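Student: give me a 3D structure for the following:
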Amino acid sequence: EVQLVESGGGMVQPGGSLTLSCAASGFTFSTASMSWIRLPPGKGLEWVSTIKTHDGETSYTDSVKGRFTISRDNTKDTLYLRMDDLKPEDTARYFCMRGDDVEFYSGRYYRGRGTRVTVSS
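Tutor: From the prediction side, this is the model:
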């Protein structure tokens, strides 16, 4: 059974930083592309970032480029999202997802229960 458990969310002031983690189990993590997606209040799910498996290639949605960094530790089956210079518009529930942006837009993917991030002064 695929399990994805996110942690690390919280409340932070604008300009602050947070690092999210996602512990994965139930599949071969090292061979899976992984992504972060988010659900802002009152809006639909948004793709945030993907990290590939074969070459570690990363991609980001434009609004977070230069501020967020996705990474993975295949020895710990864990995915990370380092978020710097956080803005109020980053407020959302963040989910770890197995797959890449193509799979996200197809609507067929596993995701965790999420962790809430609130950016507010």
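Student: partner strands of the one helix or strand Ser59 maps to, parallel or antiparallel?
Tutor: Using DSSP states H and E, Ser59 maps to strand 58-60. Here strand 58-60 has these sheet partners by DSSP bridges: strand 46-51 (antiparallel).
Student: what comes into contact with the strand it pairs with?
Tutor: 33-40, 57-61, 64, 68, 70-72, 79, 81, 92, 94, 100-101, 104-105 (C-beta atoms under 8 Å, 6 or more residues apart in numbering). The way it works is simple: take the backbone N, C-alpha and C, and place the C-beta from them, glycine included.
Student: could you flag which of those residues are buried?
Tutor: 33-38, 60-61, 64, 68, 70, 72, 79, 81, 92, 94, 100-101, 104 (16 or more other C-beta atoms under 10 Å).
Student: between the two ends of stretch 12-28, how far is it?
Tutor: 33 Å (C-alpha to C-alpha, to the nearest Å).
Student: with stretch 29-39 instead?
Tutor: 24 Å.
Student: one more: stretch 7-22?
Tutor: Termini of stretch 7-22 sit 6 Å apart (C-alpha to C-alpha).
Student: and if you look at stretch 112-121?
Tutor: Start-to-end, stretch 112-121 (C-alpha to C-alpha) is 28 Å.
Student: buried residues in it?
Tutor: Quick answer for stretch 112-121 (16+ other C-beta under 10 Å): 112, 114-115, 117, 119.
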